[in-house]
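J.: Give the three-dimensional model of this entry:
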Amino acid sequence: MDYLKCIKERRSVRTFDGSPLSAEHLEKLNVYLKTITNPYGIPVDFYLLDKAKYGLSSPVITGETMYVTAKVKPVPHSEEAFGYSFELLVLYAQSLGIGTTWIGGTMKRAVFENAVQLSDDERMYCVSPIGYPAKKMSLKETAMRLGVKADQRKPSNELFFENDFSAPLHPEHDTIKHALEAVRLAPSAVNKQPWRIVKCENAFHFYEKHNKGYSGEKTGDMQKIDIGIALCHFILTAGGNLTVSDPGIQTASDMEYIATVSI
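T.: Modelled structure (predicted):
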């Protein structure tokens, strides 16, 4: 799979054509879901759910016939692991021409939780419809994309830094350029793009820039899920090993160290 191509071409899909996934695609998805891991080593269990069978819906989605979700134990770093693992599925679906969109709040959560028989010591942070995109977006989807400025991203000099947060990073190596662009293009809750990276030699330290209102008992810290997506994009395109060891770089009060990728 050409990960960078999938990352660049993918967009969130909220309007589907109403047709079910083909038997071939269902089989491929089910096989792939069993192979998904994450660098935290935290199990994330996936479920493909028939909309009609379980009475599933979201007010922001049209024409869907199936959803995918996952559950995880709420251990430290479970949000990042969930985001990383779920994004692998999202990109694989993209490679098959199948559309998805991350949903963390705009659904009847209890109905989805019942469908996967969620226990008290498990969390289902997000869901996604999964199916074939309609040829034309609904008016609802068009309005939503405009509202969150879905096609816009922050410039690199606001996201990536060298040695500390005072100096923007200007990467010279093409691999790093592509990896940082892959991070910049990552989806995030309400397009907040909470990831920040500080490069120190061959180590890339990932931070979360906190915004209020994105954390709850059921949803977890949604912006940590976003950081998991960003980590996924970076490692898929640049490689490297993930560790969690705060380098002690001075940060603002709204910034939290998450992980380091060394390449």
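J.: make it CA atoms for all contacts and neighbour counts henceforth
T.: Noted.
J.: downstream neighbour of the least confident helix or strand in the chain by mean pLDDT in the secondary structure list?
T.: Sorting the helices and strands of the chain by mean pLDDT, DSSP states H and E puts helix 139-147 at the bottom, at a mean of 71. Sequence-wise, the next helix or strand downstream of helix 139-147 (DSSP states H and E) is strand 160-162.
J.: starting at the chain centroid, how far to that next one?
T.: When distances are taken as C-alpha atoms, centre = their mean, to the nearest Å, strand 160-162 is centred 22 Å away from the chain's centroid.
J.: Likewise for stretch 155-170?
T.: Computed by C-alpha atoms, centre = their mean, the chain-centroid distance of stretch 155-170 equals 22 Å.
J.: Run through who's touching that stretch.
T.: If you take C-alpha atoms under 8 Å, 6 or more residues apart in numbering as the criterion, stretch 155-170 is touched by L180, R184, W195, R196, I197, V198, K199, C200, I249, Q250, T251.
J.: Now do whichever strand or helix holds L49: which elements does it pack against?
T.: Per DSSP H and E: L49 is located in strand 45-50. In terms of contacts (3 or more C-alpha pairs under 8 Å, 6 or more residues apart in numbering; DSSP states H and E), strand 45-50 is packed against strand 66-71.
J.: Give me the angle between the strand it packs on and strand 45-50.
T.: Put simply, strand 66-71 runs at 160 degrees to strand 45-50, going by axes from the mean of the first three to the mean of the last three C-alpha atoms, to 10 degrees.
J.: neighbouring strands for strand 66-71, and are they parallel or not?
T.: Looking at strand 66-71 with DSSP bridges, its partner strands are strand 45-50 (antiparallel), strand 127-131 (antiparallel).
J.: which is the next helix or strand following that strand?
T.: Using DSSP H and E, the helix or strand that follows strand 66-71 towards the C-terminus is helix 78-95.
J.: Domains in this structure, by residue range?
T.: 3-142, 156-262 (automatic domain parsing).
J.: starting at the chain centroid, how far to the last one?
T.: The chain centre lies 13 Å from the centre of domain 156-262; the measure is C-alpha atoms, centre = their mean.
J.: Just the element for the most centrally placed residue in the chain, please.
T.: By C-alpha atoms, centre = their mean, the chain has its centre lying nearest to I229, at 3.8 Å. Following DSSP H and E, the helix or strand that holds I229 is helix 222-238.
J.: That helix: which residues count as buried?
T.: Buried residues in helix 222-238, counting neighbours by 16 or more other C-alpha atoms under 10 Å, are found at 222-238.
J.: Give me the neighbour count for R145.
T.: 17 (other C-alpha atoms under 10 Å).
J.: Over to E27?
T.: The burial count for E27: 11, using other C-alpha under 10 Å.
J.: Would you double-check that it falls in a helix?
T.: Yes - with DSSP: H, G, I helix; E, B strand; the rest coil as the criterion, E27 is located in a helix.
J.: Could you check how far R123 is from E181?
T.: 31 Å (C-alpha to C-alpha, to the nearest Å).
J.: Neighbour count for those two, which is higher?
T.: The neighbour count for R123 versus E181, taken as other C-alpha under 10 Å, is higher for R123 (22 against 19).
J.: Model confidence score at the more buried one, please.
T.: In this model, R123 is scored at 98, pLDDT.
J.: Now M1: closest residue in space that isn't a chain neighbour?
T.: Nearest residue to M1, sequence neighbours excluded (C-alpha to C-alpha, 6 or more residues apart in numbering): S95, at 7.1 Å.
J.: what do you get for K73?
T.: Closest residue in space to K73, ignoring its immediate chain neighbours: E122 at 4.5 Å, by C-alpha to C-alpha, 6+ apart.
J.: Enumerate every residue touching the one you found.
T.: Contacts of E122 were listed using C-alpha under 8 Å, 6+ apart, and they are K71, V72, K73, P74.
J.: For the first one, the count of nearby residues, please.
T.: Going back to what we said before, that points to K71. That count, for K71 with other C-alpha under 10 Å as the rule, works out to 23.
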